Structure formats: C-alpha cells, structure tokens
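**Q** Give me coordinates for this.
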Amino acid sequence: MLFHYHFWTPYVEETEKFYVDHGFRISQRIGKYNGEFQPFDPPLTWDDFREKKILFRIIEARKGAVNITFGFGKKVIFDHIGFFVKEEELDQICENAKKMSWEVNIGERRTFISTPYSFRIELQSHTDVMDSRTDQFQINRLTIETKKNGLEQDLSLLFGVPIETVIWKAGNEVTIKEAIINAFPSPNSVDPNGVRILDQT
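**A** As a prediction, this is how the structure comes out:
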C-alpha cells in the first residue's frame, strides 16, 4: 500500500502550514539547533522557535493512512515514496531488488531501495507509521515525473505484481507532479513543492 512521500525543501514552514490547513496533524519535528538534533514537536508552534534558525531534518504530517515528511533543503528535491508491506513480503521484495541490481539498505525501522530513477523507495512494515490503515483518507495514486523510462515496469518486477498506484510521466526533472488523495479537502490544490493534489472519493 502506497502511504508516504518525502521532499527536501526551502519551504519548510509553508509546507507544514499547507498540510495542517488540509487536516493533517504534525506528529514530530526534529531539527538541528546549537549543533545537535532536538525535538520541536507540538504543542510547540512556529511562533515558539521561528527565530532560532533551526535546520529541520524531518517534519512529519499525518492524516488517516497518509504520512508525508519533509526537511530543509536549499532547493526542492523529491527524495522517496513509501510502501507499507507485510513482513513476509519484505524479504522477497528485497531479493527482487538485488536481482535488478538495485541497492538495498535494510534498517531496524525501515528499508530503503535505491532506484535508477533518482529517487528511493521506502519499505515499511510497522503499523505505527500511520494513524489508521483502514481510514478512507489515503493515497490512491502518484504521478511521478522522471527523465528515465521504464518505472512502471520496474515497479512490477520489484513487487511481483502490477503497481497501479504509481504512474510515470516523462520530463526533465524528478518529482511528484500529482497526488490523488482520497477525501482530500480543497482538491486541485498545489503544495509549496509543486505537488498538485486531487481528490478521488
């Protein structure tokens, strides 16, 4: 199940505000301040720390079965998408990736697969990454723009089944062009990183 995407962005506060305004809750903020990483989680608000010049590593916004993260970058960079998979599926997907000569980085909490399309895929099997796995609020489809052809076919090889939640679009950059999120309020909105979000109820 596709549940997640991550961007690096110079528009950190603006990105948080966009998703909060659309019903998401901020579950964590981790930033580097005075040389060390510290939490700035709610109930703290931006008015409490805006002037401290914090370098945010990750801010996590959640709603239903959707988890969106972002951190500070000098320019907008799409980093990865995330799939929730069963534990028994995880090993097979990693083996498929290795057969495709894709680098696999297995961590304690999550696994990352590096693709030749200049973005990564996160595999997650811990249910606590979502507020609800059964909520109607979920990602139905992402349209991903890349310079390289073959994404949809490679995803089918990686997962062993057709992945209908990711659509490929040819382009001169690597980014998410469009996200269809079920029950998203204010459809046809564009987030500060250029992701157009549509609703499909």
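**Q** helices or strands up against the longest helix along the chain?
**A** Of all segments of type helix in the chain, defined using DSSP state H, the longest is helix 87-99. Helix 87-99 sits against strand 104-106, strand 111-114, strand 120-124, helix 151-159, with contacts defined as 3 or more Cβ pairs under 8 Å, 6 or more residues apart in numbering; DSSP states H and E. The way it works is simple: take the backbone N, C-alpha and C, and place the C-beta from them, glycine included.
**Q** Just name the most buried of those.
**A** The highest average neighbour count among the helices and strands packed on helix 87-99, using mean count of other Cβ atoms under 10 Å, belongs to strand 120-124 at a mean of 21.
**Q** That one pairs with which strands, and in what direction?
**A** Strand 120-124 has its sheet partners listed here by DSSP bridges as strand 77-84 (parallel), strand 111-114 (antiparallel).
**Q** wait, which of those is closest to residue 180?
**A** Judged by Cβ to Cβ, the one of the strands paired with strand 120-124 that comes nearest to residue 180 is strand 77-84, at 13.6 Å.
**Q** so for the closest one, what's the average pLDDT?
**A** For strand 77-84, mean pLDDT rounds to 98.
**Q** list the contacts for the nearest residue to residue 78 once chain neighbours are set aside?
**A** Spatial nearest neighbour of residue 78, chain neighbours left out: residue 175 (4.5 Å); criterion: Cβ to Cβ, 6 or more residues apart in numbering. If you count contacts by Cβ atoms under 8 Å, 6 or more residues apart in numbering, residue 175 has them with 76, 78, 144-145, 193-195.
**Q** What ranges does the protein have for its strands?
**A** Remark: strands assigned in the chain by DSSP state E are 2-9, 25-33, 36-39, 55-63, 66-72, 77-84, 104-106, 111-114, 120-124, 139-146, 166-170, 175-181, 189-190, 196-198.
**Q** Identify the bridge partners of the residue nearest to the spatial centre of the chain.
**A** By Cα atoms, centre = their mean, the chain has its centre lying nearest to residue 5, at 1.0 Å. Beta-bridge partners recorded for residue 5 (DSSP bridges): residue 68, residue 81.
**Q** ok, it to residue 122 distance?
**A** 9 Å (Cβ to Cβ, to the nearest Å).
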